[in-house]
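[1] Sharing a sequence plus its predicted fold:
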Amino acid sequence: MDHVIRSIEPHLYWHLGMLRQEWRGGKGEYKKLTDCPSYAECKALVDAIHVLEKHEYGQAQTMSVSNLIDW
């Protein structure tokens with residue numbers, strides 16, 4: 001499963017970049033992170049990775065979307 005997780009991560013990081021641009025460059029357009037258009041994609045990818053990590057390692061290891069944005 002580790003190879004599946006590693007293959008999803010580049011997509012997650014690309015979408016996180018888009019989300020960062022929307023959130024920080026939105027000039028107050030979005031009141032909550034979840035209002036940003038790219039949030040749903042990021043959340044779906046993080047959730048998928050969490051499922052795979054729980055199966056492989058027994059617990060999720062990847063941070064949440066909001067923590068990844070600040071990271």
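    Looks like it came in fine.

[2] Rounded mean pLDDT for the stretch of helix or strand residue 45 belongs to, please.
    Residue 45 belongs to helix 39-57 when assigned by DSSP states H and E. Across helix 39-57, the average pLDDT comes to 96.

[3] residues touching the residue nearest the centre of the chain, list them.
    The centre of the chain sits closest to residue 42, judged by Cα atoms, centre = their mean, with a distance of 3.6 Å. Contacts were defined as Cβ atoms under 8 Å, 6 or more residues apart in numbering; by that measure residue 42 touches 12, 15, 16, 19, 65, 68. (C-beta placed from N, C-alpha, C; glycine too.)

[4] buried residues in the helix ranked longest in the chain?
    Of all segments of type helix in the chain, defined using DSSP state H, the longest is helix 2-25. By 16 or more other Cβ atoms under 10 Å, the buried positions in helix 2-25 come out as 5, 12, 15, 16, 19, 20, 22, 23.

[5] Tell me how far it lies from the chain's centre.
    On the basis of Cα atoms, centre = their mean, to the nearest Å, helix 2-25 sits 6 Å off its chain's mean C-alpha point.

[6] between that helix and helix 39-57, how big is the angle?
    150 degrees (axes from the mean of the first three to the mean of the last three Cα atoms, to 10 degrees).

[7] Quick check: which helices or strands does helix 2-25 pack against?
    helix 39-57, helix 65-70 (3 or more Cβ pairs under 8 Å, 6 or more residues apart in numbering; DSSP states H and E).

[8] right, and those helices - which one's nearest residue 29?
    Residue 29 sits nearest to helix 39-57 of all the helices and strands packed on helix 2-25, at 13.1 Å, using Cβ to Cβ.
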